[in-house]
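In: Let me see the structure of the following:
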Amino acid sequence: MIKQYRISLESKQAGLNASIAYPLYAWLLSQVPTEVGTALHEQATRPINQYILWNAAANRGEWVVNLMTDEMVEIFSPVLNALSVIALRSGTLLATAGSTVEVPNFQHLLKCGESLSNVQLFPIHFLTPTTFKQDKRYVIFPQESLILQSLISRWNVSFPEAPMDDEDAFQALLRGIHIVDYNLHTTRYPMKQVRLPAFQGRISIETRLPAPMMALWTTLYSFAPYAGIGVKTTLGMGGVSVMKPSSLLV
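Out: Sure, this is the predicted structure:
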């Protein structure tokens, strides 16, 4: 199961911004047993991601938390369900419950993808600073291969019973998707004492795929708003939104 929380946050202090996603994650870990944080830190692909869309002028924002496995839902849902006040070093946040969405199984995402089978152009909006890491360097422009690798690695964490590990299928997907339009800007995401190079904005991906590969792509596309894209999605980066047909519940 995947469970997505959308929580409204409000602050009385000015000067906060979207980078509070990092301390929010630290706060969330402080509410559960220490061994949970230790176990998460040891995983290459973590089964939780989160980001915040912060309106600095209004001192409020929406915190989006995606729990990507049954275990994460069991551990973190009690904390998020009872949320009212979050005390950070930068100030106190008042929390109001928003919406939740549940994805019970991978079949649900397959069904979501079915309504996109006749679509050729797929927009992806990078809502928070996004970056990839390749050959020990940060990549500040999206590439089809990096997007696919990111989504597939997260899929295999959420749905190990239905792994996507066929290299031929990956190459077939890669040959059939192309970034054909973009409106992006470079940015920096502050984290500890560094500012990570990143990008933000929108791309459009055109597809030319046979039906079986199209079904695979639309399933991954439907999965993206829960999974995030790129590195450090646990710490507030890589939050995305996608096209929303009637059967797509995010």
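In: From now on I want contacts and neighbour counts done on CA atoms only, so please keep to that.
Out: Fine.
In: domains for the chain, by residue range?
Out: With domains defined by automatic domain parsing, the chain comprises 2-103, 106-242.
In: Is it possible to get JSON lines of these that adds mean pLDDT?
Out: Output for these, formatted as JSON lines (pLDDT from 0 to 100):
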{"stretch": "domain 2-103", "mean pLDDT": "93"}
{"stretch": "domain 106-242", "mean pLDDT": "96"}
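In: now the ones you listed as JSON lines including mean neighbour count?
Out: Formatted as JSON lines, those follow (neighbours: other C-alpha atoms under 10 Å):
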{"stretch": "domain 2-103", "mean neighbour count": "17"}
{"stretch": "domain 106-242", "mean neighbour count": "18"}
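In: Please name the residues that touch L174.
Out: 144-145, 148 (C-alpha atoms under 8 Å, 6 or more residues apart in numbering).
In: I meant to write N55 there.
Out: With C-alpha under 8 Å, 6+ apart, N55 has these contacts: 17, 61.
In: how far away is it from L93?
Out: To L93, N55 is 13 Å away according to C-alpha to C-alpha, to the nearest Å.
In: Identify the bridge partners of the closest residue to T100 other than its chain neighbours.
Out: Nearest residue to T100 in three dimensions, chain neighbours excluded: Y5, at 4.6 Å (C-alpha to C-alpha, 6 or more residues apart in numbering). Per DSSP bridges, the residues bridged to Y5 are V65, T100.
In: how about the strands in this protein?
Out: Using DSSP state E, the strands of the chain run over 2-11, 48-55, 60-67, 85-88, 91-103, 121-130, 132-134, 137-139, 177-191, 194-207, 240-242.
In: Just give me how far the second one sits from the chain centre.
Out: Taking C-alpha atoms, centre = their mean, to the nearest Å, one finds the center of strand 48-55 at 9 Å from the center of the full chain.
In: In contact with the residue nearest to T100, which residues?
Out: Contacts for Y5 (C-alpha under 8 Å, 6+ apart) come out as 63-66, 80, 98-101.
In: again, but for S145
Out: L174 are the contacts of S145 under C-alpha under 8 Å, 6+ apart.
In: Tell me the spacing between it and Q171.
Out: Distance of S145 to Q171, computed by C-alpha to C-alpha: 9 Å.
In: Kindly report the same for Q13.
Out: When Q13 is compared with Q171 (using C-alpha to C-alpha), they lie 50 Å apart.
In: Over to I203?
Out: Distance from I203 to Q171, by C-alpha to C-alpha: 21 Å.
In: Over to N118?
Out: 21 Å.
In: now P33
Out: Plainly put, P33 is 41 Å away from Q171 if you go by C-alpha to C-alpha.
In: likewise P190?
Out: Going from P190 to Q171 by C-alpha to C-alpha gives 35 Å.
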